[in-house]
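1. show me the folded form of this:
(chains A and B)
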Amino acid sequence: MERTLIKNLDQQIDQQVMIKGWLHTLRDQKNMQFLIIRDRTGLVQVAHYKKGNLELAQTISTLGTESALTIIGKVVENKVVKLGGLEIQLEELIVENAAEIPLPFEPFGEYLPDQDYRLDWRYLDLRRDINRLIFEVQTTAEQAMREYWIERDFIEMHSPKIMGAPSESGAELFSLPYFETTAYLAQSPQFYKQMAMAAGYERVFEIGPVFRADPSFTSRHMTEFTGVDMEISWIDSHEDVMAFMERWLAFTYQKVLEKHGDAIKETFDVTLTVPSVPFPRITMAEAFDLLEKIGYKLPPEKKFDLDPGAERAIGAHFKETEGADYVFVTDWPFEARPFYHMLDPNNQGITRSFDLLGSGLEVATGAQREHRYEILKTQALAKGLTLEPIESYLNYFRYGTPPHGGFGFGLSRFLMIMLNLSNIREAVYLFRGPTRLSP
RNA sequence: GGGGGCGUGGUGUAGUGGUUCAACAUGCGGCCCUGUCAAGGCCGAGACCGCGGGUUCGAAUCCCGUCGCUCCCGCCA
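-> Coordinates of the predicted model:
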């Protein structure tokens, strides 16, 4: 017999069916037992008349909620039943995996344990509808991102995550024993996607793991996360990257809205709207003026950079004045950017770069890259780097590498923004942080 | 790395010096209920209040240390 999904039971009235799912609730009465069964498509009531099979009744009485069950029975219409107006009259029950009693916590209870405890029992936590929806949305979003790219001739890449030399700063790298030497976990595909530009691929993207050895204890940092990266060639400036990115992001919103808009409204009370293109843009110089005007005081050491409070203030400002959730902050001082961001020839000390803020949270960084070998070396030296460790990277720019740029985008931060989640640990399948390596 | 907050039955909370201070909810066990409505009623078990030290006649409650968690800053996606 084939398994019937609970949502399709109404097409099999008066037939014998087999369903598979979890025991959501058990109501054990004097003469009747009612089992509420949950599968990924819904809930249904299964009724059992105890005197019809006392042995089976005894088995059911011992079941703990969340047990994995296979149920065979007859679907009948019953207007009295509040759950869908139908129920299954139990004929046979197979306990595939009984849930121990008691559960560590009740996933469907009125109160949830704190997050840390839920993460210890993440698989039970993930049974909650709200969590399933988060990862359905993530799946749809990633598919939309890929669709948008692939329709525009992009190549998907998978760059190595084990590296021989620290690529950028080196401070935030995890090291690991590697035969006779030491290797490092990639903290970004940055150099490798630029290599693809040197390879003449013109347009590439990668969705993959990124590792950061920062001991950050915040609601938006992880030591391992999924980076969404893109790089394109033959651009005139970072504006080309932003123009592509905002359309790509709007397309992603559109797809998520079409497929999950109602569920998101119901579950998160978020009315998803596709962001209007173009997103507002504000230069760093303008941002400093704006912050002064609205009375946000940056710490004195922040001469070239924003702090999280400033980002939230800017996000709130554009939400109020333009109804915009996303805003590009552009033209960052070289002091605040890595050596490979291109300097603006018309604006001393300013890079052709941007951050994307979503609801005041930094969700992406991008730029036009410096592709001219000699200038790139000069900029690296200006940052105090020694050239030898980055020699293989610098070599990408010796034999015909076109002007290019791109961005890195945080997948889980994106979900936080889109679904209004307050903590990144809710937006990722399994959280990795300084003190969290398990499960 | 710096700073703040929290730590009470399985879980979530109440209690901030003694006097109903160890309570409430949920879960768990038992009994009851003519088919319930993500049920209801009654009864019961379950925490020496993170750990160690101190103050006090007396500490879950105050102090110190320590561990764990959490949030913010730094850093970033």
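
2. give the buried residues for whatever helix or strand A:T378 lives in.
-> Following DSSP states H and E, one finds A:T378 within helix A:373-382. Applying a neighbour-count criterion of 16 or more other Cβ atoms under 10 Å, one finds A:376-377, A:379-380 buried in helix A:373-382. For every residue, glycine as well, the C-beta is placed using N, CA and C.

3. following that helix, which helix or strand comes up?
-> With elements assigned by DSSP H and E, the helix or strand that comes after helix A:373-382 is helix A:391-394.

4. in PDB, list the C-alpha atoms belonging to that next one.
-> The C-alpha trace of helix A:391-394 is given here as PDB (Å, rounded to 0.1, in the frame of the first residue of the first chain):
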ATOM      1  CA  GLU A 391      52.100  36.400  -4.400                       C
ATOM      2  CA  SER A 392      49.900  33.700  -6.000                       C
ATOM      3  CA  TYR A 393      46.900  36.100  -5.700                       C
ATOM      4  CA  LEU A 394      48.800  39.000  -7.200                       C
END
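
5. A:I390 contacts A:A380, doesn't it?
-> Yes: applying Cβ atoms under 8 Å, one finds A:I390 in contact with A:A380, separated by 6.5 Å.

6. OK, contacts around the closest residue to A:L86 other than its chain neighbours?
-> Residue nearest to A:L86 in three dimensions, not counting chain neighbours: A:E77, with 5.3 Å by Cβ to Cβ, 6 or more residues apart in numbering. Residues near A:E77 by Cβ atoms under 8 Å, 6 or more residues apart in numbering: A:13-14, A:85-86.

7. all helices for chain A, in order.
-> Along chain A, the stretches classed as helices by DSSP state H are A:54-61, A:115-120, A:122-125, A:129-150, A:190-198, A:238-268, A:284-293, A:308-322, A:373-382, A:391-394, A:411-419.

8. mean pLDDT for these - can I get that in TSV?
-> As requested, the helices of chain A are exported to TSV (pLDDT from 0 to 100):
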stretch	mean pLDDT
helix A:54-61	90
helix A:115-120	93
helix A:122-125	94
helix A:129-150	97
helix A:190-198	96
helix A:238-268	97
helix A:284-293	93
helix A:308-322	95
helix A:373-382	96
helix A:391-394	93
helix A:411-419	97
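
9. for the ones you listed, give me TSV that also has distance to RNA strand B.
-> Output for those, formatted as TSV (distance: least, Cβ to the nearest atom of the strand, whole Å):
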stretch	distance to RNA strand B
helix A:54-61	7
helix A:115-120	4
helix A:122-125	11
helix A:129-150	8
helix A:190-198	8
helix A:238-268	11
helix A:284-293	13
helix A:308-322	3
helix A:373-382	15
helix A:391-394	16
helix A:411-419	5
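
10. what's the closest of those to A:W332?
-> Proximity to A:W332, assessed across those by Cβ to Cβ, is greatest for helix A:284-293 (5.3 Å).

11. quick one, the closest one and helix A:308-322 angle?
-> 90 degrees (axes from the mean of the first three to the mean of the last three Cα atoms, to 10 degrees).

12. A:P160: what's it in contact with?
-> By Cβ under 8 Å, 6+ apart, the contact list for A:P160 reads A:186, A:192.

13. measure it to RNA strand B for me?
-> Per Cβ to the nearest atom of the strand, to the nearest Å, A:P160 is found 18 Å from RNA strand B.

14. give me the pLDDT value at that residue.
-> Model confidence at A:P160, given as pLDDT, is 96.

15. what do you get for A:A171?
-> We have a pLDDT of 67 for A:A171.

16. isn't A:I264 right up against A:L419?
-> Yes: if you go by Cβ under 8 Å, A:I264 and A:L419 touch, sitting 6.6 Å apart.

17. spit out the residues that contact those two alike.
-> A:137, A:270.

18. report how many residues lie close to the closest residue to A:R40 other than its chain neighbours.
-> If the residues on either side of it in the chain are set aside, A:R40 comes closest to A:R132, at 7.2 Å by Cβ to Cβ, 6+ apart. Residues within reach of A:R132, counting by other Cβ atoms under 10 Å, total 14.

19. go on, A:F407?
-> The number of residues packed near A:F407 is 24, by other Cβ under 10 Å.

20. ok, A:Q15 next?
-> When neighbours are counted by other Cβ under 10 Å, A:Q15 registers 11.

21. residues contacting it?
-> A:Q15 makes contact with A:74-75 under the criterion Cβ under 8 Å, 6+ apart.

22. how close does it get to A:L43?
-> Distance, A:Q15 to A:L43, by Cβ to Cβ, to the nearest Å: 19 Å.

23. same check on A:L119?
-> Going from A:L119 to A:L43 by Cβ to Cβ gives 26 Å.

24. look at the closest residue to A:L185 other than its chain neighbours and report its pLDDT.
-> Of all residues not flanking A:L185 in the chain, A:F211 sits nearest, at 3.8 Å (Cβ to Cβ, 6+ apart). pLDDT for A:F211: 94.

25. A:F211 bridge partners, please.
-> For A:F211, the beta-bridge partners under DSSP bridges are A:E224.

26. looks like it contacts A:A186 (just checking).
-> Yes: using Cβ under 8 Å, A:F211 is in contact with A:A186, at 6.4 Å.

27. shared neighbours of these two, which are they?
-> A:K161.

28. any idea how far A:F318 is from the residue nearest to A:G84 when sequence neighbours are not counted?
-> Leaving aside its chain neighbours, A:G84 sits nearest to A:V44 (6.6 Å; criterion: Cβ to Cβ, 6+ apart). The spacing between A:V44 and A:F318, counted by Cβ to Cβ, is 47 Å.

29. of these two, who's got more company?
-> A:V44 (27 against 19).
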